[in-house]
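*Asks:* How does the following fold in three dimensions:
(one chain, ligands or ions: 2)
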Amino acid sequence: MSLEVASTVVRLTRSSSFTHSHPKALKPFDSGEIKILLLENVNQRGISLLEKEGYQVESIKKALPEDVLIEKIRDVHAIGIRSKTKLTKKVIQEAKKLLVIGCFCIGTNQVDLEAAANRGIAVFNSPFSNSRSVAELIIAEIISLSRQLGDRNIELHQGNWNKVSSQCYEIRGKTLGIVGYGHIGSQLSVLAEAMGMTVFFHDIIQLMPMGTAKQVNTLYELLERSDFVSLHVPETEETKNMIGEEEIARMKKGSYLINASRGTIVQIPPLIKALQNGHLLGAAIDVFPKEPASNGQFYNNELNSWTSDLLACKNVILTPHIGGSTEEAQYMIGAEVGAAIIKYINCGTSIGAVNFPEIDLRAIQDTDKTIRLLFCHYNVPGVLREINEILSDHNVDKQYSDSRGNIAYMMADISNVDDQDIRKIYETVSSNRANISTRIVY
Ligand SMILES: NC(=O)c1ccc[n+]([C@@H]2O[C@H](COP(=O)([O-])OP(=O)(O)OC[C@H]3O[C@@H](n4cnc5c(N)ncnc54)[C@H](O)[C@@H]3O)[C@@H](O)[C@H]2O)c1
Ligand SMILES: O=C(O)CC[C@@H](O)C(=O)O
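*Replies:* Residues are numbered from 1 along each chain as shown. Ligands and ions are numbered 1, 2, ... in the order given. Okay, the predicted model is just below:
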């Protein structure tokens, strides 16, 4: 395998010593030179945090077409995205200066995580800041489907008074089947039980049930027992097309399907068929196989060929991927992912990264002449010995290393390093046979 070198040159001037020692605010080099590109309308909280660090931040409200994205990503050290921007291997290969990707959302399926790790690029997300928002939306949808609220609302907006109770039900005493019992699924479980529902869930791992919920062994068992099925799995090779004709046929007659996970999990044509023939009484869909890059009049057959058939079905609630779109969630995500980007750029901290060894070191005290070496490398035998040989003329105050698959990451705080030694250390470490990326912060 060829060793790609994506190294960062450091500033060679330092501040002078302080009499008292404090945790030192580390900086990579002149922070003004750090360029950050934020796409898809990242919350102002995240923008402000990054700007406060002195980084140059460009924020764009929509996702970019691949050619424009490639052009822009070449020049930036960090990129912040949400669910629409596809950071494929091809795009990542063009990102020569990129250190870090921030997914300002939960899902990370839009990023080629392995390609990023192989370039020494850490990827962060916000694993639970919008979980509650999604769970609340699902509760609203369960009630809305059960009472046909969507249809009544449209009818009355069109002047049609249609007072009916036929096939409108309370949710008390009904059964909710949750597929994927992680952050969202388990929150939903608690809320649904509080509304008087009985909860079953299916997950690939054994999990502690909330309240009196029960885990079932198979997806089919869950589908056969539930009045409402709600999907909360990530997009993986196993979950793609998870709900198709056979699975829908296994659902109870008169039940409802809700998908706010990813658009690839449910096959829409068999869902449309089941809604048309009355096997299902309704569905709520928040995510779609293809979604537009920005707001506007894009929801049509050009986007997904079956759109008009779905629109014609009764009791179907369609929302534009807004499960996590609340002020509370977006603010928290902006703060969390913004902080993770800053800590990775300034201090090398990779705790919370989804594709990378997760390590941290306690702060450097604000005395002069200590540097932090950040060395991302291929996980091959003998490398740490070679690096410590390079560092042997200095005092390694503390050091931590971990690996994840074929990628390893080492942090070392080295004291008593003179200005002229910094470049030497940088050059020798970054020319190591296993180097992926080398950075020095101080
Ligand atoms: N609509 C929205 O706006 C919105 C908002 C947030 C998250 N999401 C989506 O929801 C997904 C779930 O979010 P989360 O925070 O609960 O994730 P999570 O990682 O906390 O939980 C996912 C659960 O699914 C389980 N799982 C994985 N593969 C499975 C399979 N094949 N069968 C059964 N269970 C399986 C996992 O074991 C895990 O317990 C995210 O990955 C994201 O794609 C959508
Ligand atoms: O905000 C988004 O675009 C994605 C929301 C949601 O799907 C997530 O993965 O957190």
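
*Asks:* contacting residues for the residue nearest to Val111 when sequence neighbours are not counted?
*Replies:* In space, and not counting its chain neighbours, Val111 is closest to Leu87: 4.4 Å by CB to CB, 6 or more residues apart in numbering. (Glycine included, C-beta is placed from N, CA and C.) For Leu87, the contact set (CB atoms under 8 Å, 6 or more residues apart in numbering) comprises Ile79, Ile81, Ile101, Gln110, Val111, Asp112, Ala116.

*Asks:* Buried ones among these?
*Replies:* Buried residues within those, counting neighbours by 16 or more other CB atoms under 10 Å: Ile79, Ile81, Ile101, Gln110, Val111, Asp112, Ala116.

*Asks:* so how many other residues sit close to the residue in the stretch 151-300 of the chain that ligand 1 sits nearest to?
*Replies:* Residue of the stretch 151-300 of the chain nearest ligand 1, by CB to the nearest ligand atom: Gly182 (1.7 Å). Residues near Gly182, counting by other CB atoms under 10 Å, number 18.

*Asks:* my read: it touches His232, true?
*Replies:* Yes. With contact defined as CB atoms under 8 Å, Gly182 reaches His232; the gap is 6.5 Å.

*Asks:* So which bits of the stretch 151-300 of the chain are right by ligand 1?
*Replies:* 179-185, 202-205, 232-236, 238-239, 260-262, 286-287 (CB under 6 Å from any ligand atom).

*Asks:* Quick check: mean pLDDT of stretch 266-276?
*Replies:* Averaged over stretch 266-276, pLDDT sits at 98.

*Asks:* Contacts only, for Gly348.
*Replies:* Arg372, Leu374, Met411, Arg439, Val441.

*Asks:* The third one looks like it's in a strand, true?
*Replies:* If I follow you right, that is Met411. Yes. Counting by DSSP: H, G, I helix; E, B strand; the rest coil, Met411 is located in a strand.

*Asks:* I'd guessed it sits against Arg362; true?
*Replies:* No. Assessed by CB under 8 Å, Met411 is found out of contact with Arg362, at 10.6 Å.

*Asks:* between those two, who's got more neighbours?
*Replies:* Met411 (22 against 10).

*Asks:* what's across from the more buried one in the sheet?
*Replies:* Beta-bridge pairing of Met411 under DSSP bridges involves Leu374, Tyr400.

*Asks:* so what pLDDT did it get?
*Replies:* Turning to Met411, the model gives it a pLDDT of 98.

*Asks:* right, is stretch 98-105 up against ligand 2?
*Replies:* Yes. Using CB under 6 Å from any ligand atom, stretch 98-105 reaches ligand 2 at Cys105.

*Asks:* how far does that stretch stretch from start to finish?
*Replies:* 19 Å (CA to CA, to the nearest Å).

*Asks:* which one of the contacts of Leu87 is nearest Ser308?
*Replies:* Gln110 (27.0 Å; CB to CB).

*Asks:* okay, that closest one: pLDDT?
*Replies:* We have a pLDDT of 97 for Gln110.

*Asks:* Nearest to ligand 2: which residue in the stretch 251-400 of the chain?
*Replies:* Closest point on the stretch 251-400 of the chain to ligand 2, by CB to the nearest ligand atom, is Gly324, at 4.1 Å.

*Asks:* Please identify the helix or strand for that residue.
*Replies:* Using DSSP states H and E, Gly324 falls within no helix or strand.
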